[in-house]
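**Q** predicted model follows, preceded by the sequence.
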Amino acid sequence: RNANNWLGIQEARQRLLQWLSRTDINFFFEHVLPDGTDPHGRKAFWLRYVSRVLMSRPLLNRDDEVRLRITMQSQQEQMGHRGHVRGRESSAFLLDFGPIVVVEFSRVGNACYL
């Protein structure tokens with residue numbers, strides 16, 4: 001998106017995307033997961049691949065959005081591009097690697113889809 005605005009400064013664009021993705025990963029695994037628990041170490045796993053992410057986006061269900069309203073307001077500069085999901089079962093997190101898109105879910109029992 002807006003590729004012409006980044007002509008000649010692709011390295012800066014990539015660094016910005018890495019920073020945004022790192023912020024998204026930290027937010028999702030520290031705040032969206034119930035009680036901030038990450039028993040399988042998924043946060044550390046995805047942070048190892050942040051340099052390859054083309055786009056990321058947390059998608060919050062209504063319950064998580066209400067629960068995290070204050071956190072999101074305090075981190076507004078860092079959380080400008082979250083999305084929404086219908087229902088109350090689980091929030092999700094998208095990681096776009098180009099040929100592969102990963103969807104992680106906040107609730108146990110939901111698989112990670114590629």
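**A** All right, it came through fine.
**Q** Arg22 touches Val50, doesn't it?
**A** Yes - applying C-beta atoms under 8 Å as the test, Arg22 and Val50 come out as touching, 5.1 Å apart. C-beta: built from backbone N, CA, C; applies to glycine.
**Q** please pull out the lowest mean pLDDT helix or strand from the chain.
**A** strand 83-84 (a mean of 60; mean pLDDT, DSSP states H and E).
**Q** after that one comes which helix or strand?
**A** strand 92-96 (DSSP states H and E).
**Q** ok, now which ones touch Ser106?
**A** Phe28, Val32, Leu33, Pro34, Asp64, Ser90, Ser91, Ala92, Phe93 (C-beta atoms under 8 Å, 6 or more residues apart in numbering).
**Q** give me the distance between it and Ser21.
**A** Noted for Ser106: a distance of 17 Å to Ser21, by C-beta to C-beta, to the nearest Å.
**Q** please enumerate the strands of the protein.
**A** All strands of the chain, identified by DSSP state E, fall at 55-60, 83-84, 92-96, 101-105.
**Q** apart from its chain neighbours, what residue comes closest to Asp96?
**A** Of all residues not flanking Asp96 in the chain, Met55 sits nearest, at 4.2 Å (C-beta to C-beta, 6 or more residues apart in numbering).
**Q** which residues of the chain score low on pLDDT?
**A** Scanning the chain with the threshold set as pLDDT under 70 gives 1-8, 36, 70-88, 108-114.
**Q** where is the longest helix in it?
**A** helix 10-27 (DSSP state H).
**Q** so how do I select the buried members of the contacts of Ser106 in PyMOL?
**A** Selection of buried members from those for PyMOL, criterion 16 or more other C-beta atoms under 10 Å:
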select buried, resi 28+32+33+64+90+91+92+93
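**Q** can you lay out the contacts of Ser106 as a markdown table showing distance to Ala44?
**A** As requested, the contacts of Ser106 are exported to a markdown table (distance: C-beta to C-beta, whole Å):
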| residue | distance to Ala44 |
| --- | --- |
| Phe28 | 13 |
| Val32 | 16 |
| Leu33 | 13 |
| Pro34 | 18 |
| Asp64 | 22 |
| Ser90 | 21 |
| Ser91 | 20 |
| Ala92 | 19 |
| Phe93 | 15 |
